[in-house]
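>>> below are the sequence and a predicted model for it; my questions follow.
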Amino acid sequence: MRPEMIVVKGVIHGTTVELDQEPGFPSGQVVSVTLQPVMPRGQGLQRAFGSWAEDAEQLDQFIQELYRNRHDNRQEPTP
């Protein structure tokens with residue numbers, strides 16, 4: 001029995017998607033396609049934090065201050 005849904009990577013060429021592997025469906029099978037871009041590792045973080053690229057020094061200071069505040073304000077657990 002074939003699964004209801006499979007995930008296969010592919011490359012878009014105009015209105016055609018070239019799949020990396022056989023999908024396992026017969027030719028002519030009507031399917032629903034959901035597209036999600038695949039980003040190289042780390043690119044998501046770069047996009048998310050890219051706006052801070054010019055403020056790297058201030059961002060470092062903010063993170064260090066945040067770490068100090070969390071560490072300094074930590075309460076000792078009571079038994």
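Received it, and whenever you're ready, just let me know what you need.

>>> quick one, strands of the chain?
With strands called from DSSP state E, the chain shows them at 10-13, 16-19.

>>> residues near P23, how many?
By the other C-beta atoms under 10 Å criterion, the neighbourhood of P23 contains 13 residues. For glycine as for every other residue, the C-beta is placed from the backbone atoms N, C-alpha and C.

>>> residues touching it, list them.
6, 8, 31 (C-beta atoms under 8 Å, 6 or more residues apart in numbering).

>>> need those residues in a markdown table (columns: distance to Q61).
Formatted as a markdown table, the contacts of P23 follow (distance: C-beta to C-beta, whole Å):
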| residue | distance to Q61 |
| --- | --- |
| I6 | 48 |
| V8 | 45 |
| V31 | 51 |
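
>>> the residues you listed into a markdown table, with extra columns for neighbour count and pLDDT?
Formatted as a markdown table, the contacts of P23 follow (neighbours: other C-beta atoms under 10 Å; pLDDT from 0 to 100):
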| residue | neighbour count | pLDDT |
| --- | --- | --- |
| I6 | 11 | 86 |
| V8 | 11 | 90 |
| V31 | 8 | 90 |
